[in-house]
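> how would this look folded up:
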Amino acid sequence: MSSLLNIGLSGVSAAQSQLVTTSHNIANVDVAGYHRQRVIQTTHDPMFTGAGFFGNGTRIAAVSRAYDQFLEKQVLSASTRKSEYSTYATQIRQIDNMLADPTAGLSPAMDDFFAGVQEVAANPTSAAARQALLSNAQALVTRFQGLDARLAEIREGVEYEINSTVEQINTYAKAIAEMNQRIIVAQAAGSGLPANDLLDQRGQLVSELNELVKVTTQVQDDGSLSVFIGSGQNLVIGNTPTTLATVANQNDPQRSDIAIIPDTPPHTPIVLPERVLNGGQLAGLLNFRSESLDATQNRLGLIAATVVTAFNNQHKLGVDLDGALGLDFFTLPAPKQIPVDALASVKIDPENFGQLTDSDYLLSFDGVTTYTLTNRDTGTSTTFGSNATVSFEGLTITSPPTPTLAAGETALIQPTRHMARDLAVAVTDPRKVAAGNPVISETPNTNMGTAKVSNIVMNDVNGVLSAWDVTLTYDATQGKFTVDPAADFTIAPDALFDPASNSAGKTFTLKHNTSGFKFTFTVAGVPADKDVLNLMPTEKGIADSRNANLLGALQTARMMLDGTTTLGGAYSQLVNKVGNKTHEVLANEAAQTTLLTQATDTRNALSAVNLDEEAANLVRYQQAYQASGKVMSIAQSLFDELLSIVR
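You can find the predicted model right below:
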């Protein structure tokens with residue numbers, strides 16, 4: 001009877017365990033990271049008799065959870081990529097909306113500015129037109145500054161998010177380490193059987209950490225989980241977490257790098273390269289900062305530097321209403337270098353500004369005499385010695401007589417990063433707008449031919465307003481112009497002029513031999529013998545718009561990126577680049593969302609709690625409980641019957 005009673009008791013115990021586990025599944029159906037559990041039943045060792053083996057009931061071997069490591073890794077992989085693209089998309093949409101705005105973007109302000117230049121060209125003596133130009137110039141500077149300020153706000157937000165994300169990673173690492181300790185203790189006390197609920201809690205922590213930074217994991221023999229980031233850097237080993245921190249970038253103190261803080265003194269941070277931190281929110285922030293934010297701010301600064309340098313160059317080749325040479329129309333800031341004393345000076349080369357790029361540069365010193373400046377995007381470089389001046393990619397660089405960098409030290413040169421922020425309008429007096437040309441031509445009425453001078457373009461104005469005049473006299477016998485005074489001026493490429501072939505126009509260059517001013521001009525028509533063409537300084541106050549026309553032409557001149565694009569074209573490229581990147585990131589986010597959904601559904605088909613199935617199990621195990629109880633009842637009845645016979 002005892003055998004029958006024990007069998008019934010084992011059945012009741014097993015059914016109760018099944019009911020408890022099923023109820024536990026139902027209660028945790030909405031708990032994130034919970035995996036469905038099930039009871040593993042086996043039979044007790046049978047009892048041998050002469051008639052054979054008789055069963056001894058059932059026993060509970062273990063409580064397992066529905067867990068598949070491969071499916072979990074698929075979910076983690078899709079989740080970390082989705083988090084990366086989602087974070088990137090959130091950030092880049094801010095830039096995309098700003099640049100593409102038809103009213104708040106740069107294009108309207110640029111168009112209004114050059115419209116003001118054209119108005120001055122049409123009415124060079126109009127004080128109202130000149131004042132409107134200055135107002136439009138200030139509006140353009142304000143627009144540059146406003147766009148840069150918004151980018152700076154985005155950058156500040158990104159740096160804050162990076163710091164916050166690192167703090168969250170440390171919190172999760174500490175929690176996983178503590179959970180490792182609990183699991184080690186629990187499983188050691190339970191004869192090595194899995195602590196399912198603790199494992200689920202740890203798995204959920206890993207899942208949430210994985211959304212911040214991509215992790216890889218390895219289960220150890222003691223049940224602890226080792227967690228790695230990047231290219232295999234330890235984040236959690238056993239019950240010991242590694243501390244991450246944000247540290248100031250070596251070259252740019254306002255930029256955060258991610259570093260590991262060693263446990264042992266002197267705790268010197270070990271900076272992790274950004275390229276190894278792939279996946280998760282942290283990678284999305286780092287990639288956005290380096291790929292889109294830096295590039296956008298640099299390109300905006302490049303456009304600002306180009307329009308200012310080109311406009312200043314041309315403005316200084318003209319004369320204002322008082323007959324004085326034009327000054328810088330805008331104030332152009334110097335390129336930023338960190339540290340500030342790395343070089344004696346870094347300036348934008350006014351003659352080669354078209355070669356300027358939107359890259360940053362690294363300056364290194366060999367500790368002896370040689371500096372090396374390297375474009376961080378292309379890898380192109382130039383070398384120069386101490387106390388030397390070189391021109392490289394639109395920059396004029398002068399090294400100090402005494403080196404300020406030690407061997408192996410580097411400095412960061414950012415030619416365009418803060419150009420848009422630091423612009424200013426230098427001209428405040430409308431009369432100082434240099435709309436005129438310093439040189440005029442005069443054709444005497446006594447000339448018998450039709451030759452005239454046009455298209456006077458200044459190349460160098462040093463000394464142009466001093467007392468001088470030039471007379472070009474045509475010698476029909478020799479077929480050329482003679483220059484008077486020949487001792488003071490040189491004409492190039494030659495003075496020959498053939499009316500038969502040059503009547504449509506031939507361009508000459510006239511240079512003053514001592515003061516150095518130089519300009520080109522075009523002679524067209526058919527000169528008669530002894531005809532004279534006079535060139536002389538411009539009288540102040542005349543209605544001259546020749547330089548204003550050249551200033552206006554800068555709007556459509558291909559002077560950026562080695563003469564391949566215009567100012568508007570460069571801005572359009574920036575808008576298109578950001579727009580295309582936004583579309584790419586959004587498409588990747590959508591793809592990863594789909595992959596995550598598919599991976600999650602596949603995992604949940606195995607691991608998630610199905611309430612219908614669990615409800616059916618409740619009925620099933622209830623019946624098993626009742627049946628086993630009936631066995632015990634029968635055993636009790638039989639035992640009572642035997643006792644009554646004995647009595």
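
> Which residues does the helix or strand A283 falls within contact?
Using DSSP states H and E, A283 maps to helix 280-287. Here helix 280-287 makes contact (Cβ atoms under 8 Å, 6 or more residues apart in numbering) with 80, 83-88, 91, 158, 161-162, 165-166, 169, 210-214, 258, 274, 277. C-betas here are computed from N, CA, C, even on glycine.

> Restricted to strands, list those.
The strands, defined by DSSP state E, take in I258 from the contacts of helix 280-287.

> burial count for the closest residue to Q355 other than its chain neighbours?
Closest residue to Q355 apart from its sequence neighbours, by Cβ to Cβ, 6 or more residues apart in numbering: G394 at 4.0 Å. Other residues lying near G394 total 25 when counted by other Cβ atoms under 10 Å.

> pLDDT score assigned to G394?
pLDDT for G394: 93.

> Tell me which residues touch P537, please.
438-440, 464-469 are the contacts of P537 under Cβ under 8 Å, 6+ apart.

> Hmm, I typed the wrong one, I wanted L618.
Contacts of L618 (Cβ under 8 Å, 6+ apart): 19, 22-23, 26.

> And those, which of them are buried?
19, 22 (16 or more other Cβ atoms under 10 Å).

> Nearest to T565 among the contacts of L618?
I26 (65.9 Å; Cβ to Cβ).

> sorry, back to before: can you name the secondary structure element that comes next after the helix holding A283?
Helix 280-287 is succeeded, C-terminally, by helix 294-315 (DSSP H and E).

> give me the low-pLDDT residue ranges for the chain?
1-2, 48, 541, 640, 646-647 (pLDDT under 70).

> How is it divided into domains?
2-66+610-646, 72-291+565-597, 334-417, 438-537 (automatic domain parsing).

> ok now stretch 264-277, how far from the chain's centre?
22 Å (Cα atoms, centre = their mean, to the nearest Å).

> ok, back up a step: export the helix holding A283 to CSV, keeping only CA atoms.
What follows is helix 280-287, C-alpha atoms only, in CSV (Å, rounded to 0.1, in the frame of the first residue of the first chain):
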residue,chain,number,x,y,z
GLY,A,280,23.7,51.0,-30.1
GLN,A,281,22.9,54.5,-29.2
LEU,A,282,26.5,55.4,-28.4
ALA,A,283,27.7,54.4,-31.9
GLY,A,284,24.8,56.4,-33.4
LEU,A,285,25.9,59.5,-31.6
LEU,A,286,29.6,59.1,-32.4
ASN,A,287,28.9,58.4,-36.1
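
> picking up where we left off before, could you dump the domains of the chain into TSV and include distance to L550?
Listed next are these as TSV, based on distance: least, Cβ to Cβ, whole Å:
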stretch	distance to L550
domain 2-66+610-646	68
domain 72-291+565-597	9
domain 334-417	16
domain 438-537	7
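
> Which one of the ones you listed lies nearest to G326?
Among the domains of the chain, domain 438-537 comes nearest to G326, with 8.6 Å by Cβ to Cβ.

> what about that closest one, start to end distance?
One end of domain 438-537 to the other measures 6 Å (Cα to Cα, to the nearest Å).

> Check stretch 217-226 too.
Start-to-end, stretch 217-226 (Cα to Cα) is 6 Å.

> Please point out which parts of it sit buried.
Neighbour count says stretch 217-226 has 217, 223-226 buried, by 16+ other Cβ under 10 Å.

> now stretch 416-436
416-423, 425-427, 430, 432-436.

> Pull the most distant pair out of the buried residues of stretch 217-226.
Across the buried residues of stretch 217-226 (Cβ to Cβ), the longest gap, 12.8 Å, separates T217 and G223.

> Look at A62 and give its secondary structure.
The three-state label given to A62 by DSSP: H, G, I helix; E, B strand; the rest coil is strand.

> which residues sit in contact with the residue nearest to it when sequence neighbours are not counted?
Of all residues not flanking A62 in the chain, I40 sits nearest, at 4.6 Å (Cβ to Cβ, 6+ apart). Contact analysis of I40 by Cβ under 8 Å, 6+ apart lists 60-64.

> Turn the contacts of L618 into JSON lines, including distance to N502 and secondary structure.
Formatted as JSON lines, these follow (distance: Cβ to Cβ, whole Å; DSSP: H, G, I helix; E, B strand; the rest coil):
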{"residue": "L19", "distance to N502": "109", "secondary structure": "helix"}
{"residue": "T22", "distance to N502": "103", "secondary structure": "helix"}
{"residue": "S23", "distance to N502": "104", "secondary structure": "helix"}
{"residue": "I26", "distance to N502": "99", "secondary structure": "helix"}
